[in-house]
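1. Structure for the following, please:
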Amino acid sequence: MIKLLATDMDGTWLTSKKTYDHAKFARIMQLCREQGVKFVVASGNQYYNLLTRFPKEYLPEMYFVAENGSFVLKGREVLNIVDLDPDEMRTMKQIEKKYGSRPSVWGGVHSAYSLKSYGDEYYRYLTQFFEKLTMLDSYEGIDDRFFKYTLSTKPGESSDFAKQLKREFPSLDMVAGSDTAVDISKVGMNKSVGLKLLGQRYNISPSEMVAFGDGGNDVAMMEYAGTSYATASALPEAKRAATAIIGSSEDSAVQDKMLELLS
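-> All right, here's what the predicted structure looks like:
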């Protein structure tokens, strides 16, 4: 029996144009309501950005595992925050010092932060993922609690760069958030942590969960859930973790599979 559906966003729920079939979503939410199924958005993206993707009337019924599991909410109610401790922040600063020539972004509770020096094109790119985004002259002196640090890579290099960073800085976790970005966070912090918290809170076992994803940051969630699906364009590691591979996010494959499972 399915009690929880969890989906990644970019490359999974959303098309390349950041759209999705709203009529199918409404039908999914109706079926979830009728059957008591939790609908979870599990993303490396910022919570405030995720809020903008869905009609406001559904928010009280939705769950969010944002920032790769660090920020868990029901609608607007915060259920859990796991930020970086002082030792982890010191290591993050070492990574920033060594690789700061790469465009980067810090993910915090109140905002995301990046540098003006990376240019207008990178800023416009970030606005796809961050609703609250602060552009700075320097990363020094920010007053916030941080979840992660993200470094950009050339297309297709993120998985290898994540492995390289893990060898250099084993006290932190690195995953390919996409084929052009590596997310760096607390060891053991991933989307499965958020699903586990929701499972404990609502008495849902992993075998009653279904997860959908496409990236390296979806692997732990897909392995944790009893059933998981990778989209056609997923990274190799996501496809290996999945129970099965479905069609493309461009063709509403995730929404169609959810409707099939709920029906």
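2. And the worst-scoring helix or strand of the chain on mean pLDDT, what does it pack against?
-> Across the helices and strands of the chain, mean confidence by mean pLDDT, DSSP states H and E is lowest for strand 172-178: a mean of 88. Packing partners of strand 172-178 (3 or more Cβ pairs under 8 Å, 6 or more residues apart in numbering; DSSP states H and E): helix 86-99, helix 158-168, strand 181-186. Quick note: C-beta positions are derived from backbone N, CA and C, even for glycine.
3. Direction included, what does it pair against?
-> Its sheet considered, strand 172-178 pairs with strand 181-186 (antiparallel) by DSSP bridges.
4. Three-state assignment for Phe147, please.
-> Look at Phe147: counting by DSSP: H, G, I helix; E, B strand; the rest coil, its state is strand.
5. hang on, it packs against Ser111?
-> No: Phe147 is beyond contact range of Ser111, at 11.5 Å (criterion: Cβ atoms under 8 Å).
6. Who has more neighbours out of these two?
-> Phe147 (27 against 16; other Cβ atoms under 10 Å).
7. Confirm Pro60 sits in a strand?
-> No: using three-state DSSP, the assignment for Pro60 is helix, not a strand.
8. What distance do you get for it to Ser138?
-> 39 Å (Cβ to Cβ, to the nearest Å).
9. and if you look at Ala211?
-> Applying Cβ to Cβ to Ala211 and Ser138 gives a distance of 38 Å.
10. Which one of the two is surrounded by more residues?
-> Ala211 (31 against 9).
11. show me the contacts for the more buried one.
-> For Ala211, the contact set (Cβ atoms under 8 Å, 6 or more residues apart in numbering) comprises 6-7, 42, 191, 195, 218, 221-222, 224-225, 227-229.
12. just these now: which is nearest Asp160?
-> Asp218 (17.9 Å; Cβ to Cβ).
13. hang on, the closest one in a helix?
-> Yes: according to three-state DSSP, the state of Asp218 is that of a helix.
14. so what pLDDT did it get?
-> Here, the pLDDT recorded for Asp218 equals 95.
15. That one contacts Thr12, doesn't it?
-> Yes: with contact defined as Cβ under 8 Å, Asp218 and Thr12 form a contacting pair (7.5 Å).
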